[in-house]
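Engineer: pasting the sequence and the predicted model now:
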Amino acid sequence: MVINEMNWLQRSARLLLFAALLFASPHLRAQKFEGRDLVNASLIADTTAIVPGRAFTAGLLLKMAPTWHTYWQYPGDAGIPTEIKWQLPAGWKAGPIRWPIPLKLTEPGEIQIYGYHDEVLLMTELTPPATIAAKSVHLAAAVGWLVCAKICVPGNGNVQLDLPVGGAASAANPAVFAKFRAQLSRNLPNDALSAIHWQREAKDFRLTISDRSLAQDGNVDFFPLPGATTVLGHPQRQQTSDGSLVFTIPFESAAPGIHSLAGLIVFDHQAWSLGKSTSLSPGPATAKSAPASSTARDLLKFLLFGFIGGFILNLMPCVLPVISLKIFGFMQHAGDSRAKIFGNGVAFSAGIFVWFVGLALLMIALKAAGHQITWAFQFTNPLFVVAMSAVVLVFALNLFGVFEITLSARASGGLLGWSAREGYAGSFFQGVFATVLATPCTAPFLGSALGFAFAASAGVILLMFVAIAAGMSAPYLLLTAQPAWLRFLPRPGAWMVRVKQFMGFLLIATLLFLLWVLGAERGPEAIVWTGAFLLVLSIVCWMKGSFSTPANSFSQRLVVCALMALLVLGGGYYFIGEKFRATRIAASSLTPNDWVAFTPERLRDELAQGRSVFVDFTAAWCITCKFNEASVLETAVVKNAFARAGVVKMKADWTNADPVITKTLQQFGRVGVPLYVLYPATSPDHPVVLPELLTQTLVLDSLQNAAPKVAAAH
Amino acid sequence: MKTKLLILSLTTLCSGALFAAEAPSIGAPAPAFSLPNSQGKTDSLGQFKGKYVVLEWFNPGCPFVQKHYKSGNMQKLQKEFTGKNVVWLTIDSSAPGQEGNLTPAEASKQIAEWNIKSTAFLLDPSGKVGHEYAATNTPHMFVIDPEGKLIYSGAIDNKPTANPADIADATNYVKAALDESMAGKPVQTPNSRAYGCSIKYDR
């Protein structure tokens, strides 16, 4: 019954050759049974070429004959999951299979199985090595499956795909990848986390879902993903009198430490995945066990993402000026001892760590207090932006030379020279400063990593932030640990003062951006009052530089200090406390004419009328959003494509952390902007989520998939 | 147990469901049954009290059953343990018209063709006994101790594939359960997830 490799090859060698010529890439493997094709297997990729070091997704596409099915990773009462054994060149990495949400099928005799009809794409992320010498790469996998209808027939074979290696690639097979990506489960949103409780009884697991909207959905189901040694019966669904939904999953065997199951909560062609969590407390006595968290391997992967994301933060436009500052600092110390240089690197990194750990602790505290937590949430608070503006201005004035920071010259004079100590303190605060500026730049990796972290426990959030901090500080630690590399930098001289002053202008540019954010949040008046406060601050800085230097007597300095404090407090109280707080939340200024403002109701209406909808989740302070808008969404090509496809464009302006939009973001497992979602008119239940960094090709491709009619016409 | 079964069958009848979905538990008495065998006689579980009994669900068309028969693995096990006074019952629950449904004559032919070494080949076309044991797969294995208690249920081994080459490295759960129990030790793996084709029941 297993297909004979040679026979099959002989019979279809000619056909295969023809097909290979015709389609150039996909290698088809057909499973014949009694003269019929039961399963056609082929290997496809979402890219036209392999870019060294850049991960992409490959998929095993199985097309089943009508009424036949293959199996999910947990097949249920009978059956075998499809297996993929990659045969990749050295240096390649393959991720786990990403299984689309299966169907639950019931066979005679109450046999429940989980599988796929018609066709399924089993996706795997492949990561090529950073360098590839060859011009093309041969990807192959040995695959095995069991296909059943009334009877079962195992199939196996080799699938392969040749892809060219290049510096650039565009999307391939977008329709089929979009279709099955939409069928992947999502992480449990954090607002649903508290609604999930597990309990282990003598002979069953109980999953209680206390979320009312979910519990009242008649189609909600639970698909378990038990470990290899756990033997389960069929989940039974029950509605309780208090409106919760209870799934009872009987077990024949389960290790004593297991108190919950991994699995999917399935509703409306969508699913949330529940990770496995095991609590050590005994079963029946505990009312609820810990909410779902993910496996250790997932955690490691996301921590790695966090690290990479942190590293990339260094390249973001909002951090770049500080980097230059820091590099410049290294140059100053290039003549110093190795230990001193490294000490500065450590101090700078410590600043980064302290900020991120502090942020993590704040998040954990807020989460405990039941607040909705979102990335860059601090930027949605206008007072935070005012404080940021003040800090940026003071730093800029310092760079211009209006005043010098002479920290604790008196107190520290002792074992170490005060300049060294000031150096460390300076490095530390620059570290803090760099990270404060980094938060609104949600680097692409960071998005998914944070989405994971916010749905997780306090410990995981903390780990996540530590990983980001480690990633961000890695280059500084490396540079300072290897001062040899610093010697490649130019010699210090008078030009350094000019560079320092020029950096001040970069900070002023940052200040302009912050003021613009304030304007978007609170209108033009807010900018004026903040500006007034900043003017007071500038005067205070000037006073400090002119009348409170070591040259002045102690009593003079005391008077000046008191005056400065009075000015800051008075100005702050009047301009910010009174005038600024009186400003109202501004109407969204981010919605140009050809866009409509997003509301869930409007979205529903447009979809109900059979229109495709594109939603741009954005915010005034989100630089990645602005970049995407300028370079992609507002270009003539993309605008025309939207118009031709008849897609309704909606802007969800999250500048002021609109809670309705926050909720929508969470439905997509996100905790921040940007987020781009395309709801195709043909399948509004399967919205397509675009990446956080857009390209024109990407948007045009997804538009074509969403509106195939238009694609055919043009 | 009998009262429990009675209650079970009553409740299931009332609810309109035809079969008790609950699997018999390890350590509990194995459900009693009587079935016609391939020689036209009737065998019942009760008559083997005092002996170890292995139940093996069978379907000759299923590739997972073929894996263990065409390789000779199943026959070897049957020979080894029937030689140790174990009763081995091969049960076919395929419904009429479905793959693997056999008449007594066809069953005899299958026994000869594959040289099946079990004690008896039982025919369960109504699926009644299959449902009582909540058997779902072919092969699906159960081991009952001399006191009539269930000591193992699940897969034949730990390699859920249809590839005969995997048999050599596999741990055979049925052999392990019998060896351990006969040596007076507790069964290390009393339960595993059965693998194979679904049993071709009628309803």
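Structural biologist: Received the coordinates, thanks.
Engineer: count the neighbours of residue A:238 for me.
Structural biologist: The number of residues packed near residue A:238 is 11, by other Cβ atoms under 10 Å in any protein chain shown. In this view, the C-beta of every residue, glycine as well, is placed from N, C-alpha and C.
Engineer: OK, contacts around it?
Structural biologist: Residue A:238 makes contact with A:245-248 under the criterion Cβ atoms under 8 Å, 6 or more residues apart in numbering or on different chains.
Engineer: would you tell me what the next helix or strand after the helix or strand hosting it is?
Structural biologist: Assigned by DSSP states H and E, residue A:238 belongs to strand A:236-239. Per DSSP H and E, the first helix or strand lying C-terminal to strand A:236-239 is strand A:245-253.
Engineer: most proximal residue of chain B with respect to chain A?
Structural biologist: residue B:201 (3.0 Å; Cβ to the nearest Cβ).
Engineer: in the strand holding residue A:238, what counts as buried?
Structural biologist: Using 16 or more other Cβ atoms under 10 Å in any protein chain shown as the test for burial, strand A:236-239 gives no buried residues.
Engineer: from the middle of its chain, how far away would that strand be?
Structural biologist: Relative to its chain's centre, strand A:236-239 lies at 34 Å (Cα atoms, centre = their mean, to the nearest Å).
Engineer: so what strands line up beside that strand?
Structural biologist: strand A:245-253 (antiparallel) (DSSP bridges).
Engineer: thinking again about what came up before, adding neighbour count and pLDDT, write the contacts of residue A:238 out as TSV.
Structural biologist: Shown next, in TSV, are the contacts of residue A:238 (neighbours: other Cβ atoms under 10 Å in any protein chain shown; pLDDT from 0 to 100):
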residue	neighbour count	pLDDT
A:245	22	86
A:246	17	88
A:247	22	91
A:248	19	91
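Engineer: closest to chain B out of the residues you listed?
Structural biologist: Among the contacts of residue A:238, residue A:248 lies closest to chain B (Cβ to the nearest Cβ), at 12.0 Å.
Engineer: if I look at that closest one, how far off is residue A:212?
Structural biologist: 20 Å (Cβ to Cβ, to the nearest Å).
Engineer: need the three-state assignment for the residue of chain B closest to chain A.
Structural biologist: When classified by DSSP: H, G, I helix; E, B strand; the rest coil, residue B:201 comes out as coil.
Engineer: how close does residue A:577 sit to chain B?
Structural biologist: Going from residue A:577 to chain B by Cβ to the nearest Cβ, to the nearest Å gives 66 Å.
Engineer: and that residue, that's in a helix?
Structural biologist: Yes. Counting by three-state DSSP, residue A:577 falls inside a helix.
Engineer: number of residues surrounding it?
Structural biologist: Neighbour tally, residue A:577, other Cβ under 10 Å: 15.
Engineer: and the pLDDT at it?
Structural biologist: With respect to pLDDT, residue A:577 scores 81.
Engineer: repeat that for residue A:595.
Structural biologist: pLDDT at residue A:595 comes out at 87.
Engineer: residues touching it, list them.
Structural biologist: Residue A:595 makes contact with A:616, A:649-651, according to Cβ under 8 Å, 6+ apart.
Engineer: verify the stated contact: residue A:476 with residue A:345.
Structural biologist: Yes. Between residue A:476 and residue A:345 there is a contact under Cβ atoms under 8 Å: 4.9 Å.
Engineer: name whatever forms a beta bridge with the residue of the stretch 251-400 of chain A found nearest chain B.
Structural biologist: Closest contact between the stretch 251-400 of chain A and chain B, by Cβ to the nearest Cβ, is at residue A:253 (3.6 Å). Taking DSSP bridges as the rule, residue A:253 bridges to residue A:231.
Engineer: quick one: the strands in the stretch 351-500 of chain A?
Structural biologist: Remark: no strands are assigned in the stretch 351-500 of chain A by DSSP state E, counting those that start in this stretch.
Engineer: and the residue lying closest to the residue of chain B closest to chain A once chain neighbours are set aside, helix, strand or coil?
Structural biologist: Of all residues not flanking residue B:201 in the chain, residue A:109 sits nearest, at 3.0 Å (Cβ to Cβ, 6 or more residues apart in numbering or on different chains). Under three-state DSSP, residue A:109 falls in the coil class.
Engineer: return the distance of residue A:109 relative to residue B:93.
Structural biologist: Remark: distance between residue A:109 and residue B:93 (Cβ to Cβ) = 8 Å.
Engineer: give me the residue from the stretch 51-200 of chain A nearest chain B.
Structural biologist: For the stretch 51-200 of chain A, Cβ to the nearest Cβ, closest residue to chain B: residue A:109, 3.0 Å.
Engineer: dump the residue contacts of that residue.
Structural biologist: Residue A:109 is in contact with B:19, B:127, B:130-131, B:136, B:198-199, B:201-203, counting by Cβ under 8 Å, 6+ apart.
Engineer: next: residue B:31.
Structural biologist: For residue B:31, the contact set (Cβ under 8 Å, 6+ apart) comprises B:5, B:24, B:45, B:129, B:132-133.
Engineer: same thing with residue A:118?
Structural biologist: Going by Cβ under 8 Å, 6+ apart, residue A:118 touches A:63-64, A:66.
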